[in-house]
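**Student:** Any chance you can model this:
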Amino acid sequence: MDSGVSHKLKIMTKRTTSKIAFAFLALAFAASSCKKSTLFEAPLDALDPSLAFSSADRIEKTAIGMYDGLQNANYFGGRVLIYADQRGVDESPNTYFGNIGFIPQLLAGDGTVGAAWRDAYNSIYQANYFLQNFPANTPLVSPEKANQYIGEAKFIRALVYFYTENLWAQPYNKSWKAGDTTTLGIPLVLTVSADPFAASNQVPRNTIKEVYAQIESDLLDAKAKLPEPPADAFTRVARANRTSALALLSRLYLYEGEWAKAAAYADSVFKYNSTLGLNASPEQTFQAPYTTKESIFSVAMNGADNPNTNNSLGQHYGAKARGDINISSDYVNLMDTLHDARYRKLMQVVSKLYWTTKYPGITTDFVPVVRYAEILLTKAEALARLNSGVDATALALVNQVRARSNAVLPIVATTQDELINAIVTERRIELAFEGHGVFEFQRTGRDIPSHYNQPVTPWASQRSVLPIPDYDRQKNPNLAQNPGY
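**Tutor:** Residues are numbered from 1 along each chain as shown. Okay, here's the model as predicted:
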């Protein structure tokens, strides 16, 4: 058997058996998947840490188990990325996710929104569980392994907080309410309580800046502790390593308007050019085995690995699956339909409608979270905003992404604003249907255009974010609702 395949199967076996460490957690989550839930709906009798961390093998399985929550159909396996994209303008409205796309119609009692909120905090719970209980057992593993595990837990916690914050709280933007220190983010929960309704868990919402500061702190610690990218491609993509943290830090600083830091961390990723780079053709990232050099971190989906989980993105986006979500004319009109390989190789026409082919299956696709093309565009935008006029390096970087897709005409900008707008548009084309949609409008302070008979949506309006679920607010009276709900 090919050694890479053998190693992949070994990891999958470990991830399957990792349910030992979170057996009670998994049962509780599954049982509550079709009902409303509280923010911290975790079992009172989760597996005793003295068992979960009793040997090097069990610690490894428990660490791998932290990734399972990311696969959930309510999170990276489906809804969270769809929520971000449906609220932009690149996807058509549909009956299944209609209220998400047209957020003025959304109610705080919406069950799907509550499920996504719940599973976000379930993933945070798992990371906190590990961080709280593992340190007492570090002598059971090597110092290098101990650092890796802590780095993975902090990366996962930061990743989930990043997406949850951007869905349920106003965007972080230094040009918006400059110096603002009061606008609410989401609750920061950094410890585990045996009782989900304990006073320590009845926390209020933190401010946006506090949440971003925690995400930054976790990622900086993860960057210092995570190992270099391993030789095995599956492990490099499916488990966090140093490049995962560097790439997410670059994105975080772009969202904060910290242009110099965004560019510097992009450069830190580029130093790994012997391992990472653009694929020759854009569709390769989305084809098996999903472990090409362009993928920096992805959520690995496999039915055998996590039997109750599959890639809901493939179901909803697939023209021949459920077919809930097709591509809007707004997006198609951005494309060079004659030459751009992204039009020819990542889109198809079925029944006179456009569909993305980024998620061709429903059980084995990987979900790309951050990839090399994004980092190229991040540095391009950061330089374009830092430097007056037309920055030559920024222009070369954005054209590098375009050239890969055979877009015949390179971008020719004559002013700084033209260059910035061209880069932002290129990000929209390149990263479509990967969970960036509405975030790109919000972080750049651009109103969401009128589409499908819906009026223009101000980028930081009262109801430009999702509601805090009613059920959770009933359980936690300190959890303030977003305005307008």
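
**Student:** Which residue is most remote from the mean position of this structure?
**Tutor:** Using Cα atoms, centre = their mean, the residue of the chain lying farthest from its centre is residue 414. It sits 34.0 Å away.

**Student:** Could you check how far that one is from residue 420?
**Tutor:** 12 Å (Cβ to Cβ, to the nearest Å). For glycine as for every other residue, the C-beta is placed from the backbone atoms N, C-alpha and C.

**Student:** go on, residue 84?
**Tutor:** Plainly put, residue 84 is 22 Å away from residue 420 if you go by Cβ to Cβ.

**Student:** Of these two, which one has the most company?
**Tutor:** Neighbours per residue, other Cβ atoms under 10 Å: of residue 84 and residue 420, the larger number sits with residue 84, 22 against 18.

**Student:** Just the pLDDT at that one, thanks.
**Tutor:** As predicted, residue 84 sits at a pLDDT of 79.

**Student:** shouldn't it be in contact with residue 441?
**Tutor:** No. Using Cβ atoms under 8 Å, residue 84 is not in contact with residue 441, being 10.3 Å away.

**Student:** shaky segments in the stretch 151-300 of the chain?
**Tutor:** For the stretch 151-300 of the chain, the stretches flagged by pLDDT under 70 are 174-178, 194-200.

**Student:** Now do the helices in it.
**Tutor:** 208-225, 233-238, 242-256, 259-270 (DSSP state H, counting those that start in this stretch).

**Student:** Could you list the buried residues of the last one?
**Tutor:** For helix 259-270, a neighbour-count test (16 or more other Cβ atoms under 10 Å) marks 259, 261, 262, 263, 264, 265, 266, 268, 269 as buried.

**Student:** So the closest residue to the second one other than its chain neighbours versus residue 435, what's the distance?
**Tutor:** Closest residue to residue 261 apart from its sequence neighbours, by Cβ to Cβ, 6 or more residues apart in numbering: residue 253 at 4.0 Å. Here the criterion is Cβ to Cβ. By it, residue 253 lies 19 Å from residue 435.

**Student:** what does residue 247 give?
**Tutor:** 15 Å.

**Student:** Repeat that for residue 464.
**Tutor:** Distance check for residue 464 against residue 435: by Cβ to Cβ, it reads 17 Å.

**Student:** Next: residue 111.
**Tutor:** Remark: distance between residue 111 and residue 435 (Cβ to Cβ) = 21 Å.

**Student:** which of those two has more neighbours?
**Tutor:** A direct count of neighbours by other Cβ under 10 Å for residue 111 and residue 435 places residue 435 higher, at 22 against 14.

**Student:** contacting residues for the more buried one?
**Tutor:** Contacts for residue 435 were tallied using Cβ atoms under 8 Å, 6 or more residues apart in numbering; they are 76, 80, 81, 82, 84, 85, 163, 369.

**Student:** next one: residue 409
**Tutor:** Under the criterion of Cβ under 8 Å, 6+ apart, the contact list for residue 409 reads residue 336.

**Student:** check contacts around residue 343.
**Tutor:** 332, 335, 336, 337.

**Student:** Could you tell me how many residues sit around the second one?
**Tutor:** Put plainly, it is residue 335. Taking other Cβ under 10 Å as the definition, residue 335 ends up with a neighbour count of 19.

**Student:** Could you verify that it is part of a helix?
**Tutor:** No. Under DSSP: H, G, I helix; E, B strand; the rest coil, residue 335 falls outside any helix and is assigned coil.

**Student:** what about it, distance to residue 413?
**Tutor:** Spatial separation of residue 335 from residue 413 under the definition Cβ to Cβ is 19 Å.

**Student:** for the first one, same thing?
**Tutor:** Noted for residue 332: a distance of 23 Å to residue 413, by Cβ to Cβ.

**Student:** Looking only at neighbour counts, state which of those two leads.
**Tutor:** Neighbours around residue 332 and residue 413, counted as other Cβ under 10 Å, are more numerous at residue 413. The numbers are 19 against 14.

**Student:** pretty sure that one contacts residue 419?
**Tutor:** Yes. Shown here, residue 413 and residue 419 form a contact pair, counting by Cβ under 8 Å, at 3.9 Å.

**Student:** Give me the common contacts of those two.
**Tutor:** Taking Cβ under 8 Å, 6+ apart as the contact rule, the neighbours common to residue 413 and residue 419 are 390, 395.

**Student:** Residue 295 pairs with what?
**Tutor:** Per DSSP bridges, the residues bridged to residue 295 are residue 371.

**Student:** Residue 287 is in contact with that one, correct?
**Tutor:** No. If you go by Cβ under 8 Å, residue 295 and residue 287 don't touch, sitting 11.1 Å apart.

**Student:** These two: who's more crowded?
**Tutor:** The residue with the greater number of neighbours, taking residue 295 and residue 287 and applying other Cβ under 10 Å, is residue 295; the counts read 23 against 16.

**Student:** okay, and for the stretch 351-485 of the chain, where does confidence drop off?
**Tutor:** Along the stretch 351-485 of the chain, the model assigns pLDDT under 70 to residues 362-364, 407-408, 451-453, 462-463.

**Student:** What are the boundaries of the helices in it?
**Tutor:** Counting by DSSP H, counting those that start in this stretch, the stretch 351-485 of the chain forms helices over residues 372-386, 392-404, 416-430, 437-443, 470-475, given from the N-terminal end onward.
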